[in-house]
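>>> Pasting the sequence and the predicted model now:
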Amino acid sequence: MRYSAFKVFLQGLTGNKGWQPMWREPEPKAEYDVVIIGGGGHGLATAYYLAKEFGISNIAVVEKGWIGSGNVGRNTTIIRSNYMLPGNEPFYELSLRLWEGLEQEFNYNAMISQRSILNIYHSDAQRDQFVRRANAMLLAGADAEMADADQLRKELPFLDFDNSRFPIKGGMFQRRGGTVRHDAVAWGYARGADSHGVDIIQNCEVTGINIENGTCQGVQTSRGIIKAKKVAVCVAGLSGRVMSYAGMRLPIESHVLQAFVTEGLKPVIPGVITFGAGHFYVSQSDKGGLVFGGDIDGYNTYAQRGNLPVVEDVAESGMAIMPMIGRARLLRSWGGVMDMSMDGSPFIDKTHIDGLYFNGGWCYGGFKATPASGYCYAHLLAKDVPHSTATEFRLDRFRRGHLIDEKGQGAQPNLH
Amino acid sequence: MTQYNRIDGGLIDRSRVLNFSFNGKQMQAHPGDTLASALLANGQKLVGRSFKYHRPRGIFSAGSEEPNAMVQLRSGAYLEPNTKATVVELFEGLSATSQNHRGSLEFDLMAVNDFLAPFLSTGFYYKTFMWPKKFWEKLYEPIIRTSAGLGKLSLQEDPDCYDKGFLHCDLLVIGGGPAGISAALSAGRSGAQVILADEDFIIGGRLNSEVYEIDQMAGSDWVLTAKAELETMDNVRILARTTIYGAYDHGIFGALERCNDHLASTNNKPRQILWRIYSKRSILTAGSTERSIAFGNNDRPGVMLAGSVRTYVNRFGVAPGKQVAIFTNNDDGWRTATDMAAKGVSISAVIDSREIDPRAKISGAGLFLGASVVDTTGRKGIKSITLSNGQTIECDCLAVSGGWNPNVHLSGHQRGRPEWREDIATFVPGKQLPVGMACAGAANGNLTLNSALHDGYDIAGRQMHDLGFEVAKPLTVDAEDESCEITPFWHVKESRKRAWLDLQNDVTVKDIKQSNLEGFRSVEHLKRYTTLGMATDQGKTANILALAIMAECTGKTIPQTGTTIYRPPYTPVPMGAMAGRSRGKDFRPFRLTPSHQWAEQHGAVFVETGNWLRAQWYPRRGETTWRQSVDREVEQTRKSVGICDVTTLGKIDIQGRDAAEFLNKVYVNGFAKLAVGKTRYGLMLREDGIAYDDGTTARLGEHHFVMTTTTANAVLVFRRLEFARQCLWPDLDVHLISITDGWAQYAVAGPNSRGLIRKIADKEYDLSNEAFPFMACKEISICGGTLARLFRISFSGELAYEIAVPTRFGGSLMEILMEAGKEFDVVAYGTEALGVMRIEKGHAAGNELIGQTTALNLGLDRMVSSKKDCIGKVLSQRDALNEEDANRLVGFRPVDRSHQLVAGAHFISKGNQPVMLNDEGWMTSVCFSPTLGHSIGLGFIKRGDQRKGEIVRAVNPIQNSEIEVEIVSPHFVDPEGERLRV
Amino acid sequence: MSEYCLEPASVLDEYKQQFNGAELRELVDVGKVSIAIPLKGEEEVEKVLADHFGIAIPTVGKSVLSEDKMVRVIRLGNDQLFVLLFDQQSDPRSFLANKFGNVAYLTDQSDSWVGLEIRGTKARQALERICMVDLHPEVFLEDHIARTLMEHLGVLIIRNGDDSFVLMSASSSAKSFLHAIITSIRNVV
Amino acid sequence: MIIEHPLLGPRDMAEFVYLGDAALINRPDWQDPDAANKYYEYQYLRDNPAGLHRELWYHEQGDRSWLVVTRDTLTHEITNVELARDVAVEEGRSR
């Protein structure tokens, strides 16, 4: 069913009784060309692009719960491509470009809203780093803008320019950054993949990966064995658990990142704002809630919940830059389990086991990468060579010493 | 017409009158009222508008579950949006306004949405607004955003202050109703440390809302008696106005105490306190919340929860209507009828969905059994209801009871799932509870009074027994177990009109059905697709109804359909309270150097370096730009002598028999053979082979070293050294003490530095170049016997010293240095001049030690000893870190010397396109060199060490600039280091 | 004699203030010395403490005050002691070094820390607003010590009386520390 | 979270800094013929278990001891806390 204003109007006239399911609920077949483990944003996007762009449609996406129940459904919805390193920036810029045409492409309004992202800086040294970053972005064909404190004062008068502990000296904008209605991304890709014949199988937990003679044969699931020519793992957050079925240890730890939303308020914050002297980033959703987050809790966990010290730290940082939010109330908090990698950058790679592929290690930045991750993973699955923008996301890079460490924190995942 | 809905009784103080205003209208009420009860007393039915359709809405409940009656409280910078009128304690002068309407509350222009409702069906926005593409940010979204949100922020800084605190207890009692009070009595009597918290401003819970008797006295009087007993116990603390909003790991709870919200002004005391409560055990006695029944137009002002109507009647002495109808599926609803009738309120009808014998005789009321309400009339206040038998009944208030849901929320904050209980048709806490938690009373499904009292008492007793306390004597109270029979009835299927579930977000039964139709059948999908339960009331009155309807749609049972996960906070918590005092200048502590006061007096401009404030430069009269000051400071230092406070560098005292061996392991270069009385520069790597800190370490004795670290990494280095000491080499005898704050340390630099030091050092010390050469160190005395440490080290490249004295002398030493230096025309210099001189010397600093660079990149690879192990050694040898075209730190100067370099510019070889593929490195640090008279820079560029003399492009597209630069040695001044050694 | 004379200054100008129910003052002229116990050297340290101060070495988290109340020995960690000297030694490190010789490693910390004493009936209530350690008198007994965090600052807290606590924190952030403690008091009195 | 410090009793996690898997104690020998590989595995690969995890916490705002905490990553329940120094000695890191 194609969506349009006219369709909404027509359905409205007839009591909204003619809508159809956005995806089928098929039983798993015995065998597929590709089985994608994980019905999150990346897994669904991979299925969508495999079917649509790479001509492989005998695909199952197996999801242990409901689709979109992982981090695509529990993040702060930010999209941007303000990376610095050559291993990253072209990939994230590809992603942003895919976002820009996505709604028309899959006929679903995910409310991709390029209302800008701002990184505030508070010192000359930070400014120098942002100039380096901004120039890298421009060299990679992305957009960036530097703004001084005066300009910020004009655009964002509610920031604390006069009494803040760490003075706001300026910021770097990426005007094409912004936010997306996160759940709708999963739904849009699912609907698109389904329409190309992909089987989306919910409530189907993978319990094992069948490997014979170094070749992956398929998966064991709570709904039986499913054979596959290729198995594509795409379960960021739980990568360690799933890959242990294949006997692999990963350069990844699982950590929880909390996110928060306030009660609905009349819109005052135009884009995304990121604090530079603490951990805080905020935007305001189209429903009016201030959506914000901060640092990960910092300890290994698979529990989708966090603890108070981080909650309070995030609130402190929020009040530090915008003391007008003191009387806004925090309405909900939630936690997502992140694959924190050893250099803060992800993996899209083949494994040493034939037919077994891995996509993970997205840290807390996976949401914005969804389209490019799906596209590049599909490229790898279809052609067995990495996409040109994802050549560095290899599992063996630490052995070689080829680090993609944007923050320069080294092999300590909770610092990325 | 003041308070024409007042009736007798209640827990309000009628001897005093409070004046307040709503939408500018002046009204009166009494202490003990909430804003909601005060509005109802004054006959104000319409109080707000719903989120999506802007439907007129009134007061629905009497507690924190309220979905409708949201107001903006106070004004100006004190404006508090989205405040539930049902929990606002009335105070003199209170002003409130309604929100979310364009035009007046009565004539909201946005109410047009209600007529467009068929086209604004659930998720309609996912299906349209996509064409043309550009219109989203320009047109559609701005329109959507004008109708987003409910209340407004003031846009001004929150003028109130907040505090935080930490409490510890054996038992935390969450909720002060009958079960909670008896739990507190039980644990209190056994001698345990008890905290009893309740969100209301008086404890007692439903006992204040009902006419139950305990021990032959009114329930509310029994509460006072019990409270009096608890107040005599030193080991019991009662926190009223305190919501336990979250259950965190290991018995830690978050709590919000609204200490001064009930006052017109906080008088500079904290408005609210955010408590972190550490409990050994907790008992969830949070009671239960009534749910509604879905039927056509069940959202009109005047449609209320039946138990809440009772609250207004019994506790506040307010009749929410003159002619009241009751619609129930359970026995509790009947109590609303009997209580009101007893107070003389006219009951027009009792409608019970069950075919039962009447539970009471209500004079004048029609009884309709096995019947239901299918529709209502009255746009701004209910006027009549239509029953399933077609009959129409007039009423100005409809009290609805669909049964009671235990407040299980906190039991699920650690992802425990509640369990369904068929007999009371609701969810009760599951078995997987937060550590140390038990549940009792209505929160545990024991919905009747006597059982709740005993449940709380006994369970708390058992919990305290587990902790080793003696169990108190059994509870003896005389109370009844009232009837609470129920037959589930979720929605009136005959209703043709929209039937509301989530009143605030306007989610109706139809939306649930459509959600099912489109495949959003999992509870989480349902919630996310329809926005059910996402409003400020978090769906407390709506979620279970919606779940039941979804279960009906899919043919599953309710427990099979599941519930969404409960997450903190239980009720919304202000950001100000979450942040506490850490805001504005108090966001983080200030660290001040010993010369801070001197610098202030001398007009220094300060810069934040971590938490430190450091003098950045010292402007003098006549200087109009910072460059003039900095140039002067550099020139004068290089010409004569300058003083810089370098106290902020991390200083670590390292002692032990194995201290030298330890240093050998943590620095890339050797320290074992460093002579006593000597200092050495050292570089540290992370274990992954990347450089992260550098500094000098002095050997004061055979087993005694003092290490310096960079200012930024002082804490990190200390942590890593402790790790190395305790975890990697536990048998080394080495001990670390941070002495950063213990010593005031000044760099004294410049050709006349020896002369200056000579003036203050005590005479017995020979400071000649021979006796105290470059890199020497010594404990000496100065100014007639004061202990000092003298290091002959230099960051500026000049003959230089660092001199340290105990911090208490630091301020005085700065003055003495400046005084004694007058004959040399001494200058104080700040961090900018320090930076200029280090760039002139090519020393790496924070802009180069960014955690991404190796010793090789920094040109320090020859320091790495091949003869010994050190942290980071093995992994620094990986191929990709040692490639032929690795980045090298080199110097840059503009080909046209009048050009200025820019830090952050990228290097592109001449003839290449400025694109990422051709990117060869970047400029890390730049300055104007007053010594050379032009701009200079440091930067990383591929194979830089082999490209001296080459000219490359320094592109800076972000500022639309590009210049040609020449690759040069990073040592711009005195490359041979002769000045250091004179 | 030297031409120049260094004047010592207390970090908080010898702050002292009486509040309604609490008194707060800077502790001045207290010598503070860290004593690191060499690996396997605890017995000898114990002996010095016993012989020279009549003090039994405390366990971690506790402190002992000498009988003449001039010396408080605090056990911060397994291999770390912290000694407060109240008798205005001009060079506390040397004073102790004479007694310890090679038995332990000493570091003068007198200037690294600023000390405050808070006492009075409201003292505990004020500290409740800032200190996450349970200070209930049955849990945190007299002479108990704890290092913890208050308003982003590391603090060593010692109970030195019924309603009396010593609080020590880094001297560079002394002003922020004092501000935090004063705010805590003001918020409860 | 609360960590039951073996010397100090229950302390709030806010006083601690987390590092990671306690296997980081087992730093390989730099002269091992397979040192490059062993260091790679030591520094980069993690078991990352969903269940019991032995991990390093540093009591930075306390007694400065490194602890080995055994904690369930699914429930956060802590079942054992040891001084890392003792663990290191037990695991043969003595000279």
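Looks like it came in fine.
>>> Every contact and neighbour count from this point should use C-alpha atoms.
OK.
>>> count of neighbours near A:Pro270?
Other residues lying near A:Pro270 total 15 when counted by other Cα atoms under 10 Å in any protein chain shown.
>>> B:Leu932 too?
12.
>>> again, but for C:Ala9
If you count neighbours by other Cα under 10 Å, C:Ala9 ends up with 16.
>>> Could you tell me which residues of the stretch 601-750 of chain B lie near chain C?
Residues of the stretch 601-750 of chain B found near chain C, taking Cα under 8 Å from any Cα of the partner chain as the criterion, are B:653, B:655-656, B:731-735, B:737, B:739-743.
>>> Would you format those as JSON lines with secondary structure, distance to B:Tyr212 and neighbour count included?
What follows is those, written out as JSON lines (DSSP: H, G, I helix; E, B strand; the rest coil; distance: Cα to Cα, whole Å; neighbours: other Cα atoms under 10 Å in any protein chain shown):
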{"residue": "B:Asp653", "secondary structure": "strand", "distance to B:Tyr212": "71", "neighbour count": "21"}
{"residue": "B:Gln655", "secondary structure": "strand", "distance to B:Tyr212": "73", "neighbour count": "27"}
{"residue": "B:Gly656", "secondary structure": "coil", "distance to B:Tyr212": "74", "neighbour count": "23"}
{"residue": "B:Asp731", "secondary structure": "coil", "distance to B:Tyr212": "71", "neighbour count": "18"}
{"residue": "B:Leu732", "secondary structure": "coil", "distance to B:Tyr212": "72", "neighbour count": "20"}
{"residue": "B:Asp733", "secondary structure": "coil", "distance to B:Tyr212": "72", "neighbour count": "19"}
{"residue": "B:Val734", "secondary structure": "coil", "distance to B:Tyr212": "71", "neighbour count": "27"}
{"residue": "B:His735", "secondary structure": "strand", "distance to B:Tyr212": "69", "neighbour count": "28"}
{"residue": "B:Ile737", "secondary structure": "strand", "distance to B:Tyr212": "66", "neighbour count": "20"}
{"residue": "B:Ile739", "secondary structure": "coil", "distance to B:Tyr212": "67", "neighbour count": "23"}
{"residue": "B:Thr740", "secondary structure": "helix", "distance to B:Tyr212": "67", "neighbour count": "26"}
{"residue": "B:Asp741", "secondary structure": "helix", "distance to B:Tyr212": "65", "neighbour count": "28"}
{"residue": "B:Gly742", "secondary structure": "helix", "distance to B:Tyr212": "67", "neighbour count": "25"}
{"residue": "B:Trp743", "secondary structure": "strand", "distance to B:Tyr212": "71", "neighbour count": "26"}
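>>> Now whichever helix in chain C runs longest: buried residues?
Secondary structure of chain C per DSSP state H: the longest helix is helix C:174-186. Judged by neighbour count (16 or more other Cα atoms under 10 Å in any protein chain shown), helix C:174-186 contains these buried residues: C:174-178, C:180-186.
>>> ok, the residue lying closest to B:Asp861 once chain neighbours are set aside - contacts?
Closest residue to B:Asp861 in three dimensions, ignoring its sequence neighbours and counting by Cα to Cα, 6 or more residues apart in numbering or on different chains: B:Ala855, at 4.8 Å. B:Ala855 makes contacts with B:690-691, B:861, B:864, as judged by Cα atoms under 8 Å, 6 or more residues apart in numbering or on different chains.
>>> redo that, cut-off 10 Å
When contacts are counted by Cα atoms under 10 Å, 6 or more residues apart in numbering or on different chains, B:Ala855 touches B:668, B:683-685, B:689-692, B:849, B:861-864, B:876, B:881, B:888-889.
>>> Over to B:Phe368?
Applying Cα under 10 Å, 6+ apart, one finds that B:Phe368 lies in contact with B:326-327, B:349-356, B:358, B:387-389.
>>> Kindly state the beta-bridge partners for it.
With DSSP bridges as the criterion, the beta-bridge partners of B:Phe368 are B:Ile351.
>>> got the phi/psi numbers for the residue positioned nearest the centre of chain D?
Centre of chain D computed as the mean C-alpha position; nearest residue by Cα atoms, centre = their mean is D:Leu56, 2.5 Å away. D:Leu56 has phi and psi values of phi -100, psi 130 when expressed as degrees, to the nearest 10.
>>> and the nearest residue to it once chain neighbours are set aside, how many neighbours does it have?
Residue nearest to D:Leu56 in three dimensions, not counting chain neighbours: D:Val68, with 4.8 Å by Cα to Cα, 6+ apart. A count of nearby residues for D:Val68, using other Cα under 10 Å, gives 28.
>>> C:Phe95 now?
C:Phe95 is flanked by 12 other residues according to other Cα under 10 Å.
>>> swap in A:Asp148?
The number of residues near A:Asp148, taken as other Cα under 10 Å, comes to 15.
>>> From chain D, how far off is it?
Between A:Asp148 and chain D the distance, using Cα to the nearest Cα, to the nearest Å, works out to 35 Å.
>>> and the gap between the nearest residue to that residue once chain neighbours are set aside and B:Trp334?
Nearest residue to A:Asp148 in three dimensions, chain neighbours excluded: A:Gly170, at 4.1 Å (Cα to Cα, 6+ apart). Between A:Gly170 and B:Trp334 the distance, using Cα to Cα, to the nearest Å, works out to 64 Å.
>>> of the two, who's got more company?
Shown here are A:Gly170 and B:Trp334; by other Cα under 10 Å, B:Trp334 has more neighbours (27 against 23).
>>> For the more buried one, which three-state class applies?
B:Trp334 carries the three-state label helix when classified by DSSP: H, G, I helix; E, B strand; the rest coil.
>>> tell me the contacts of it?
Under the criterion of Cα under 10 Å, 6+ apart, the contact partners of B:Trp334 comprise B:306-307, B:326-328, B:340, B:350-352, B:358-362, B:399, B:401, B:484.
>>> Pull out the buried residues from those.
Among the contacts of B:Trp334, the ones that count as buried by 16+ other Cα under 10 Å are B:306-307, B:326-328, B:340, B:350-352, B:362, B:399, B:401.
>>> Could you export those residues to CSV, including columns for secondary structure and pLDDT?
Listed next are these as CSV, based on DSSP: H, G, I helix; E, B strand; the rest coil; pLDDT from 0 to 100:
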residue, secondary structure, pLDDT
B:Ala306, helix, 98
B:Gly307, helix, 98
B:Ile326, strand, 98
B:Phe327, strand, 98
B:Thr328, strand, 98
B:Met340, helix, 97
B:Val350, strand, 98
B:Ile351, strand, 98
B:Asp352, strand, 98
B:Ile362, coil, 93
B:Ala399, strand, 98
B:Ser401, strand, 98
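>>> Quick one: buried ones out of the contacts of B:Ala855?
Buried by 16+ other Cα under 10 Å: B:668, B:683-685, B:689-692, B:849, B:863-864, B:876, B:881, B:888-889, out of the contacts of B:Ala855.
>>> What parts of chain C come near chain D?
By Cα under 10 Å from any Cα of the partner chain, the part of chain C that sits against chain D consists of C:59-62, C:75-80, C:132-134, C:145-150, C:152-156.
>>> Fine by me, we can end here.
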